[in-house]
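Participant: Here is a sequence together with a model predicted from it:
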Amino acid sequence: MRTAAQSQEILELIGQTLFGQKIPASEVWNRLMITKNPHMLDPLQLSAQYGTPAYQQAVLEQIQRGLTDPRNDELISERLFNIDMARRSAGIPSNISGITTPTTHHFPISPDIHYRNSYYKTKNDSIATPNAPGGAVVEFINLPNTPMMDWDLPGPSHPEQEATNVASLGDLEDVLRSYIDNHPEANLQVYQTPGGFRAWEVGTPMTTAQFEPRHEELFTDPIHAKVGREAHINEPNPERYFVNGVPIDPPGHRARISHKPGRVDWVAQPVFRMAGAEALADERSKALVRQLHDEPIRRHYLGTSGVSPDAMVALQEHLPYASQTLQKELRRRFRL
């Protein structure tokens with residue numbers, strides 16, 4: 001009579017014959033993803049620089065959770081996964097292997113700095129295929145007290161509902177000039193992105209709740225604004241958003257700092273500043289934007305010159321829509 005262990009071994013042999021060798025999910029992800037090495041930001045280094053003991057402990061626990069995540073060790077049939085890939089390459093949705101996407105990791109660096117990295121899929125798929133650009137781990141910062149604005153232009157990169165009334169550099173300039181007329185203390189750093197524009201307010205610190213009325217005034221992307229103000233405390237299992245009482249993903253002003261997979265992406269090119277007559281400068285906000293947003297993007301995407309040639313091509317296309325004053329400033333600064 002066979003023992004239970006012997007019966008299990010026989011079943012496993014039959015399964016391998018039918019479905020092929022099983023491999024850990026982490027091996028599948030590593031094989032197919034476009035990886036960035038090293039990451040833009042190191043949560044341990046950030047924690048040592050900015051964190052209190054409670055936040056440093058929370059970061060350590062989040063790292064440990066990632067290392068011991070049971071989903072890393074889920075066994076996937078290599079043969080079934082290859083069938084999925086062949087079907088997806090032919091445009092047929094398929095997930096008979098049952099592969100899932102990697103877990104999102106949240107790191108609470110300090111009360112006013114949060115960082116996360118998430119797997120981002122390719123445009124029309126949930127995971128990479130051998131014949132299509134792979135997915136990638138994409139990195140984000142969340143600065144709860146430093147307002148960030150986002151404008152997506154109409155085009156292939158954004159669904160219609162994400163596009164705003166700002167359709168050109170000239171539109172943005174008009175909106176921002178009106179804004180600083182109404183808020184002379186404003187101090188804005190403006191960037192061009194592959195799909196539009198973004199700006200940081202480095203003057204008066206404001207939470208998402210405090211800044212909320214200004215999003216309508218600025219015609220920003222409503223989806224981005226909504227994501228920023230979401231409070232997970234209202235969800236069915238809020239405890240998963242806390243580590244020993246430390247919030248790991250609170251409402252805040254969020255910005256992607258690494259590229260999306262499958263497209264040329266220089267993330268954010270600084271283009272100009274716009275400040276009101278009574279402009280303030282919050283040193284903490286300026287430092288956080290410089291150290292956690294500007295410098296990593298420059299280092300990984302803009303090079304020593306701090307200027308992306310691809311960004312300059314896009315900027316030149318926008319120049320005719322800007323005022324003569326702004327055109328002159330940008331041509332002088334970037335030698336266009």
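Facilitator: Arrived safely, thanks for sending. Numbers count the residues shown, from 1 in each chain.

Participant: tell me the domain boundaries of the protein?
Facilitator: 1-143, 146-220+264-336 (automatic domain parsing).

Participant: Check the offset of the last one from the chain's centre.
Facilitator: Meaning domain 146-220+264-336. 17 Å (C-alpha atoms, centre = their mean, to the nearest Å).

Participant: and Phe242, which of the domains of the chain is closest to it?
Facilitator: domain 1-143 (8.7 Å; C-beta to C-beta). For glycine as for every other residue, the C-beta is placed from the backbone atoms N, C-alpha and C.

Participant: Off-centre distance for the closest one?
Facilitator: 17 Å.

Participant: circling back to that earlier point, in terms of mean pLDDT, which of the domains of the chain ranks lowest?
Facilitator: Sorting those by mean pLDDT places domain 1-143 lowest, at a mean of 77.

Participant: In the stretch 51-200 of the chain, mark out all the strands, start to finish.
Facilitator: Taking DSSP state E, counting those that start in this stretch as the test, the strands found in the stretch 51-200 of the chain are 75-77, 105-110, 113-120, 136-143, 148-152, 187-193, 196-201.

Participant: and of these, who's closest to Arg299?
Facilitator: The nearest among the strands of the stretch 51-200 of the chain, by C-beta to C-beta, is strand 136-143 at 12.9 Å.

Participant: what packs against the closest one?
Facilitator: strand 113-120, strand 253-256, helix 283-289 (3 or more C-beta pairs under 8 Å, 6 or more residues apart in numbering; DSSP states H and E).

Participant: one more time with 10 Å, if that's ok
Facilitator: If you count contacts as 3 or more C-beta pairs under 10 Å, 6 or more residues apart in numbering; DSSP states H and E, strand 136-143 packs onto strand 105-110, strand 113-120, helix 222-229, strand 253-256, helix 283-289.

Participant: Now do the first one and strand 136-143, the angle between them.
Facilitator: This means strand 105-110. 30 degrees (axes from the mean of the first three to the mean of the last three C-alpha atoms, to 10 degrees).

Participant: Let me see the contact set for the spatially most central residue of the chain.
Facilitator: Against the mean C-alpha coordinate of the chain, by C-alpha atoms, centre = their mean, the closest residue is Arg256 at 3.1 Å. Residues in contact with Arg256 (C-beta atoms under 10 Å, 6 or more residues apart in numbering) are 118, 120, 138-141, 150, 193, 198, 224, 265, 267-268, 293, 297.

Participant: So how do I select the buried members of those residues in PyMOL?
Facilitator: Buried members of these, defined by 16 or more other C-beta atoms under 10 Å, are picked up in PyMOL with:
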select buried, resi 118+120+138+139+140+141+150+193+198+224+265+267+268+293+297
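
Participant: Between the contacts of Arg256, which sits nearest Glu230?
Facilitator: Proximity of those to Glu230 (C-beta to C-beta) peaks at His224, which lies at 11.2 Å.

Participant: Surely that closest one and His215 touch.
Facilitator: Yes. Judged on C-beta atoms under 10 Å, His224 makes contact with His215 at a distance of 8.8 Å.

Participant: where along this protein do the helices fall?
Facilitator: Under the criterion DSSP state H, the chain contains helices at 4-19, 25-32, 43-50, 53-67, 78-89, 169-182, 208-218, 222-229, 283-289, 295-297, 309-318, 324-334.

Participant: With respect to Val246, which of these lies nearest?
Facilitator: Taking the helices of the chain one by one with C-beta to C-beta, helix 53-67 is closest: 4.2 Å.

Participant: tell me the angle that closest one makes with strand 113-120.
Facilitator: 10 degrees.

Participant: How about residues contacting helix 53-67?
Facilitator: 43-44, 46-48, 50-52, 72, 102-111, 113-117, 242-248.

Participant: Buried ones among the residues you listed?
Facilitator: The buried subset of the contacts of helix 53-67 - by 16+ other C-beta under 10 Å - is 43, 46-47, 50-51, 102, 105-111, 113-117, 242-243, 246-248.

Participant: picking that back up, in JSON lines: the helices of the chain, plus distance to Gln189.
Facilitator: What follows is the helices of the chain, written out as JSON lines (distance: least, C-beta to C-beta, whole Å):
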{"stretch": "helix 4-19", "distance to Gln189": "54"}
{"stretch": "helix 25-32", "distance to Gln189": "35"}
{"stretch": "helix 43-50", "distance to Gln189": "20"}
{"stretch": "helix 53-67", "distance to Gln189": "26"}
{"stretch": "helix 78-89", "distance to Gln189": "41"}
{"stretch": "helix 169-182", "distance to Gln189": "11"}
{"stretch": "helix 208-218", "distance to Gln189": "14"}
{"stretch": "helix 222-229", "distance to Gln189": "17"}
{"stretch": "helix 283-289", "distance to Gln189": "7"}
{"stretch": "helix 295-297", "distance to Gln189": "12"}
{"stretch": "helix 309-318", "distance to Gln189": "15"}
{"stretch": "helix 324-334", "distance to Gln189": "14"}
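
Participant: Show me the one of those that comes nearest Val202.
Facilitator: Here helix 283-289 is closest among the helices of the chain (C-beta to C-beta), at 4.5 Å.

Participant: Residues touching that closest one, excluding its own?
Facilitator: Outside helix 283-289, the residues that reach it (C-beta under 10 Å, 6+ apart) are 50, 110, 112-113, 141, 143, 145-148, 187, 189, 200-206, 253, 255, 282, 294-295.
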